[in-house]
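Colleague: Here is a sequence with its predicted model. Questions after.
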Amino acid sequence: MRKVIEGVNKAQAPAGVTVEDWNASIKHYFGEYFRRKSLLHTERELLRSELINLAKIQPFKEYTDLLSRLVKMYRSEIRKDPSNAYAFLNPLFMGTVIADEKWISLYLTHEPLPKGASLYDRIYKTFDLLDAILEGAYKHHFRLMYGFAIKSAGGIFPTNVMSADFGALVSQFPVSIASNVALLLKDPEHQIQVNQWRNIAAHKSFMLKTSRTLEIEYGRTTRHIKRLTPASVDRVLNWATCALTTLRLCNVIIYIEYMRELKAAGLQDPPIRLESFLTGLCHNLATVGFRCLSDKRRNRTFTLILRDQLNRPVLDAIIHASQALDQVSVALDSDPTRRSRFDRASMRLVDENNHVLADASVEINVALAFTLGKIRQKKYVNSINFKIAS
């Protein structure tokens, strides 16, 4: 199981790791955070993707301990006052979906600077990323923690968190809870509050002072100036990423665990972007030996381009990959911005030189009919068109 975590953090598929190994890792690493252990099985596909996020903080006990404390705080307040807890959680769910979409878009569009980029460009890029993390994703998740902290400190669930200023939420955070979640309120090296880092990053409030140092300026009423090194700015970015990962995982775990109750209390299914589906799908394909390279969108056909990492015979590999065509079809149908743009879903297998080895495609309507139980598996499989390159 350690091999799974280490492989994820090295951004490579661990050799010899099976789907069963991934599922065992879910039970091992997520087990302490879930009260309903059956969810470790029923939600295993989702949790295989979330294991990638948990792996990022697994080497750092301060963050895994923090995750445990957060989950316990949320769960305790839900147990004490379930109806008001669900009423607080439901309207904030869409914000977490938006945060994930922004996070995925950041991942898809981020391009590293070329070697030899100037110090100014490197710092500017780092602040761009920091702004995207804190404003685009972290703020949405912070609102949930703020509400549960207020309730845990003896208050009631607030009703204004969606309209409240980020800085106000941080400054009004309950003192009695703050020490337990200090890593989520300010960076550990410079002790600058998270909302101040958001402002610094958004306004690019820095000035190069020497070839190895820069100055940042922050504070609305009392201005502060601090000199940093580029390496320390990188550490701030790493902290922000770990803080987001920890807080987001807590919120995801709670929403998974209480989804049945939340839906009974009126939670609606939000529209999910195609990219959100593809992130989980590509991870699941990686667990069975495929690497997702890119996608192609042409002539009303959406094609996911894969490379087989297990050196299977081409026919075996494309048949295996075709088993995910129904999931691609569901993903396309679930995204309202893409639903009317494609008629077919396709998987393409390429070699190390990106030469096409094989294709498998199916009409989206046929795949959807299969997922809804309207046609039998045999008819669905016979509808898949396979092409093997000569």
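Modeller: The structure has been received and is ready for your questions.

Colleague: can we go C-alpha only for contacts and neighbour counts from here?
Modeller: OK.

Colleague: any low-confidence regions in the stretch 1-150 of the chain?
Modeller: Applying pLDDT under 70 to the stretch 1-150 of the chain picks out residues 1-4, 7-16, 104-105, 107-110.

Colleague: Go again with 80.
Modeller: Applying pLDDT under 80 to the stretch 1-150 of the chain flags the ranges 1-19, 45, 101-112.

Colleague: All the helices of it, residue numbers only.
Modeller: 2-9, 19-30, 39-42, 44-57, 61-80, 82-109, 119-133, 139-152 (DSSP state H, counting those that start in this stretch).

Colleague: Quick one: residues contacting residue 290.
Modeller: Neighbour list for residue 290: 306-310, 321 [criterion: CA atoms under 8 Å, 6 or more residues apart in numbering].

Colleague: Separate out the buried members of the residues you listed.
Modeller: Buried members of the contacts of residue 290, scored by 16 or more other CA atoms under 10 Å, are 306-309, 321.

Colleague: Grab the nearest non-local neighbour of residue 55.
Modeller: Setting aside the residues directly before and after it, residue 55 is nearest to residue 5 in space (CA to CA, 6 or more residues apart in numbering), at 5.3 Å.

Colleague: partners of the helix or strand hosting residue 302, with directions?
Modeller: Here residue 302 sits within strand 301-308, counting by DSSP states H and E. Strands that pair with strand 301-308, judged by DSSP bridges, come out as strand 290-298 (antiparallel), strand 344-350 (parallel).

Colleague: Let me see the contact set for residue 295.
Modeller: Applying CA under 8 Å, 6+ apart to residue 295 gives the contacts 302-305.

Colleague: please redo it, this time with the cut-off set to 6 Å
Modeller: Applying CA atoms under 6 Å, 6 or more residues apart in numbering, we find residue 295 in contact with 303-305.

Colleague: What about the closest residue in space to it that isn't next to it in sequence, how many residues nearby?
Modeller: Nearest residue to residue 295, sequence neighbours excluded (CA to CA, 6+ apart): residue 304, at 4.5 Å. Other residues within reach of residue 304 by the criterion other CA atoms under 10 Å amount to 22.

Colleague: With residue 374 instead?
Modeller: 11.

Colleague: And it, its phi and psi?
Modeller: Main-chain torsions, residue 374, degrees, to the nearest 10: phi -90, psi -20.

Colleague: so how far is residue 22 from it?
Modeller: Taking CA to CA, to the nearest Å as the measure, residue 374 and residue 22 are separated by 32 Å.

Colleague: Need the contact partners of whichever strand or helix holds residue 321.
Modeller: For residue 321, the enclosing helix or strand under DSSP H and E is helix 314-322. Around helix 314-322, nothing counts as a contact under CA under 6 Å, 6+ apart.
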